[in-house]
Structures are given as C-alpha cells and as structure tokens.
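Colleague: Pasted the sequence and its predicted model underneath.
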Amino acid sequence: QGEYKSENKGKKLVWEMAAQGDGAYRGGKIWQPSTGKVYSSKMDLAGDTLKVRGCVGPICKSQTWTRVK
C-alpha cells in the first residue's frame, strides 16, 4: 500500500493552542483542508480522545479524534 499521498502533507493543521490544565487547550486556530477555512479552536484531551471544536463567528463544527495505537 505505501504512504498516503496528499498535497496537504507537512501543512499546519493546528497552531497557537495554549494548555489550560486538566487536558483543556484554548486560543488556537485550526485549518480545515477540505474548505481551506481557518477556525478559532479549542480542544479537550481525555485519555486517547481529543474533542476538537472550531468556530467562525456563530458557526461551529466539532469532531472527536481518537489516538491510533
């Protein structure tokens, strides 16, 4: 199979995130490759699960990411 080829490889997905303690991260930005849009973001880490939320104005999207083992 080999490595997945993508034009997005090496690009920043998340930046400026600041740890708040207890697995909370705030104040960052997140880029959505499918739309090219950048959202204000916050994240919450608990074990192997990262809850990610990004907003532009009143419109927000969220995802739950799970660590690959």
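Modeller: Sure thing, it's come through.
Colleague: From here on, just use CA atoms for contacts and neighbour counts.
Modeller: Noted.
Colleague: In this protein, where is pLDDT below threshold?
Modeller: 1 (pLDDT under 70).
Colleague: can you give me the strands for it?
Modeller: 14-15, 18-21, 24-32, 37-46, 49-56, 59-66 (DSSP state E).
Colleague: which other helices and strands contact the shortest one?
Modeller: What that stands for is strand 14-15. Counting contacts by 3 or more CA pairs under 8 Å, 6 or more residues apart in numbering; DSSP states H and E, strand 14-15 packs against strand 24-32.
Colleague: For the strand it packs on, give me every contacting residue.
Modeller: 12-20, 37-45, 54 (CA atoms under 8 Å, 6 or more residues apart in numbering).
Colleague: before we move on, the earlier item: okay, the strands of the chain in JSON lines with mean neighbour count next?
Modeller: Shown next, in JSON lines, are the strands of the chain (neighbours: other CA atoms under 10 Å):
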{"stretch": "strand 14-15", "mean neighbour count": "14"}
{"stretch": "strand 18-21", "mean neighbour count": "12"}
{"stretch": "strand 24-32", "mean neighbour count": "17"}
{"stretch": "strand 37-46", "mean neighbour count": "18"}
{"stretch": "strand 49-56", "mean neighbour count": "16"}
{"stretch": "strand 59-66", "mean neighbour count": "12"}
